[in-house]
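S.K.: Take a look and give me a structure for this.
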Amino acid sequence: MRSSRIPNRPWHPLLLCLLACAPSPEVAQGSAGHATWNPAATRSPPPSDADVTSIDPTGPSDVDADLPPTPDAEDPPDEAPVVSGRDAGAARDLPPAVVNPGPARTCTLTFQVTTVTFNGSYAPRNVGAIWVSDAGGRFVKSLNVWAAKRIRHLVTWQGASMGSTVDAVTSATASNHGTRTGRWNCTGLDHQPVPDGTYRINAEMTERNGLGRVMTPVTFVKGASAVDLTAPDQSNFKGLRLQVSVP
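M.R.: Predicted coordinates for the structure are as follows:
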């Protein structure tokens, strides 16, 4: 029996063209053998790498990416009062209305103090300030500020008051030491009476281009009763007397 054998012949170029040159689904045959574009068969290209990287690999999230992160539970609220000094622990969680819970009424306060040199670089010339703060150490109002070019060296007063001299008596650098007086009608920066409660009289003085001496505050209670007290002398502040009269 003769075995049939297909000769090993190379593919004819015309046959290769028929197989490889078949039109894609996107191309339709027009008249006279001309190919035309078929819009219905057009497919969109796959997304670029830039679009892919914007997808969260862990899956979709219910949280808006533009929202700020939620603060930790232990973070204090923004409105918590900030206080300093020895009363900070007692007043940290109390709003000012609780620190001074009494009614608001006017009064007339007079405070006097005699400053004493500490032999600073431009002594006996000196600058200084007297001001009122509440029981938590928060600034209420300046009473007397004697300073001009060197006012920035009243470091403690500047930090407390932010330079406020509303209703205060102001003057230039003093040429010598002596008795200074502060007067207050028991109103705040808004010219409204402050609540009854505990307040402090503060004083600062310097004879150099820097922090000088700060008086230990004199504490008193503003209320329905008059006040007349004399505080002990301090190294650079002597003759401390405070009087408060009420209507």
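S.K.: Return the list of helices and strands in contact with the strand or helix carrying Ser142.
M.R.: Using DSSP states H and E, Ser142 falls within strand 139-146. On a contact count with 3 or more Cβ pairs under 8 Å, 6 or more residues apart in numbering; DSSP states H and E, strand 139-146 meets strand 127-134, helix 155-161, strand 169-171, strand 179-184. C-beta coordinates here come from the backbone N, C-alpha and C atoms, glycine included.
S.K.: Please identify the most buried of the ones you listed.
M.R.: strand 127-134 (a mean of 24; mean count of other Cβ atoms under 10 Å).
S.K.: now that one and strand 139-146, what's the angle there?
M.R.: Angle of strand 127-134 versus strand 139-146, following axes from the mean of the first three to the mean of the last three Cα atoms, to 10 degrees, is 160 degrees.
S.K.: related to what we said a few turns ago, for the strand holding Ser142, give me every contacting residue.
M.R.: Outside strand 139-146, the residues within contact range by Cβ atoms under 8 Å, 6 or more residues apart in numbering are 111, 126-134, 151, 154, 157, 160-162, 164-174, 180-184, 187-189, 194, 199, 201.
S.K.: what pLDDT, on average, does that strand get?
M.R.: Mean per-residue pLDDT for strand 139-146: 98.
S.K.: got the helices and strands packed on strand 139-146 as TSV, with distance to Leu242 columns?
M.R.: Shown next, in TSV, are the helices and strands packed on strand 139-146 (distance: least, Cβ to Cβ, whole Å):
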stretch	distance to Leu242
strand 127-134	11
helix 155-161	18
strand 169-171	17
strand 179-184	9
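S.K.: What strands flank the strand holding Ser142, and is each parallel or antiparallel?
M.R.: Strand 139-146 pairs in its sheet with strand 127-134 (antiparallel), strand 169-171 (parallel), by DSSP bridges.
S.K.: what's the angle from that strand to strand 179-184?
M.R.: 150 degrees.
S.K.: send the alpha carbons of strand 139-146 over as PDB?
M.R.: Coordinates of each C-alpha in strand 139-146 appear next as PDB, following Å, rounded to 0.1, in the frame of the first residue of the first chain:
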ATOM      1  CA  PHE A 139      -5.600  89.800  82.800                       C
ATOM      2  CA  VAL A 140      -8.500  92.200  83.500                       C
ATOM      3  CA  LYS A 141      -7.200  95.700  83.000                       C
ATOM      4  CA  SER A 142      -4.100  97.900  83.300                       C
ATOM      5  CA  LEU A 143      -4.200 100.700  85.900                       C
ATOM      6  CA  ASN A 144      -0.900 102.500  85.600                       C
ATOM      7  CA  VAL A 145       1.900 102.100  83.100                       C
ATOM      8  CA  TRP A 146       5.000 104.400  83.300                       C
END
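S.K.: going forward can the numbers begin at 448, since that is how I track them
M.R.: Shifting the count to begin at 448 puts that one at strand 586-593.
S.K.: now the strands: where do they sit in this protein?
M.R.: Residue ranges of the strands in the chain, as given by DSSP state E, are 474-476, 482-484, 555-562, 574-581, 586-593, 616-618, 626-631, 644-653, 660-661, 665-669, 674-677, 684-692.
S.K.: and Ser568, which of those is closest to it?
M.R.: Across these, Ser568 has its closest neighbour in strand 644-653 (9.8 Å, Cβ to Cβ).
S.K.: circling back: I'd like to know which of the strands paired with strand 586-593 is closest to Lys669.
M.R.: Per Cβ to Cβ, nearest to Lys669 of the strands paired with strand 586-593: strand 574-581, 9.6 Å.
S.K.: returning to that earlier point: possible to save the helices and strands packed on strand 586-593 as JSON lines with distance to Val693 and mean pLDDT?
M.R.: JSON lines is the format used below for those (distance: least, Cβ to Cβ, whole Å; pLDDT from 0 to 100):
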{"stretch": "strand 574-581", "distance to Val693": "16", "mean pLDDT": "98"}
{"stretch": "helix 602-608", "distance to Val693": "26", "mean pLDDT": "98"}
{"stretch": "strand 616-618", "distance to Val693": "22", "mean pLDDT": "97"}
{"stretch": "strand 626-631", "distance to Val693": "13", "mean pLDDT": "98"}
